[in-house]
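> structure for this input, please:
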Amino acid sequence: MAPLSTKGKFNLAIEDSFDPYAYFIAGAFAGLGQTKDDPKSWGEESWGPFAKRYAASFADQTSENIMTEAVVPALLKEDPRYFRLGTGGFFKRTGYAVSRIWVTRTDAGGRSFNFSEIMGAGASAAISISTTPERIEQCRRISAGGESWLEKTRSSICSKNTGPISASKS
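Down below sits the predicted model:
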């Protein structure tokens, strides 16, 4: 299969960002943020705070799609598409699907560590964290307390961050 051009990678990211399910997922994360009142400065009493959370969730998803499917793959010459394994039993195909988190195809047709997914998700999370003072303060508290990022947040570098980040106060 021919590699995607840089334009093709950006088109893929945009198509995924505006897929009908993306709107539903953003709403689910906005609802979760609304019930947890995260971030607190947005409030929880009306549709206005929900709309802010919805927009933030949608922007987070779009940012991650663009970073993991377009920007980083274009720079590193990786193919962001998922290629199904056409043969094999349930366990072989499931193992292959899980391995795609860590292994991807290169534009030249070889295999490589999936830097696009890991670095793209990390870059997107950094952008997301920098959007509100509460999130910046969370990072400072976590760093100052010597506590694990994984202990304080719902997401990790290996999972897509598509919703508001919350942390319990120390």
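> CA only for contacts and neighbour counts going forward, please
OK.
> burial of residue 95, as a residue count?
Per other Cα atoms under 10 Å, the neighbour tally for residue 95 reads 10.
> do residue 8 as well
So residue 8, with other Cα under 10 Å, has 14 neighbours.
> give me the distance between it and residue 102.
For residue 8, the distance to residue 102 equals 22 Å [Cα to Cα, to the nearest Å].
> ok, residue 57 next?
For residue 57 relative to residue 102 (Cα to Cα), the value is 25 Å.
> the more surrounded of those two?
residue 57 (26 against 15).
> which SSE is that one in?
In this structure, residue 57 sits in helix 47-66 according to DSSP states H and E.
> cool, residue 126 as well?
Going by DSSP H and E, residue 126 is in helix 115-129.
> which parts of that helix are buried?
Buried residues in helix 115-129, counted by 16 or more other Cα atoms under 10 Å: 115-125, 128-129.
> same thing with stretch 96-111?
For stretch 96-111, the neighbour count (16+ other Cα under 10 Å) marks 96, 97, 100, 101, 103, 104, 105, 106, 107 as buried.
> touching, the last one and residue 79? I think so.
The reference is to residue 107. Yes. Assessed by Cα atoms under 8 Å, residue 107 is found in contact with residue 79 at 5.5 Å.
> which residues are common contacts for these two?
Common neighbours of residue 107 and residue 79, using Cα atoms under 8 Å, 6 or more residues apart in numbering, are 3, 4.
> quick check, residue 27 in contact with residue 54.
Yes. If you go by Cα under 8 Å, residue 27 and residue 54 touch, sitting 5.7 Å apart.
> pick the one among the buried residues of helix 115-129 closest to residue 67.
Nearest to residue 67 out of these is residue 120 (Cα to Cα; 4.6 Å).
> roughly how far does the closest one sit from residue 39?
24 Å.
> give me the nearest residue to residue 87, chain neighbours excluded.
Spatial nearest neighbour of residue 87, chain neighbours left out: residue 93 (7.6 Å); criterion: Cα to Cα, 6 or more residues apart in numbering.
> doesn't the one you found lie inside a helix?
Yes. The assignment for residue 93 is a helix, going by DSSP: H, G, I helix; E, B strand; the rest coil.
> retrieve the pLDDT associated with it.
We note a pLDDT of 92 for residue 93 in this prediction.
> where are the low-confidence patches of this protein?
132-170 (pLDDT under 70).
> one more time with 90
Scanning the chain for pLDDT under 90 picks out the ranges 1-3, 30-50, 52-53, 56-57, 82-87, 100-101, 121-170.
> please, where are all the strands along it?
Per DSSP state E, the chain carries strands over the ranges 78-79, 103-106, 111-113.
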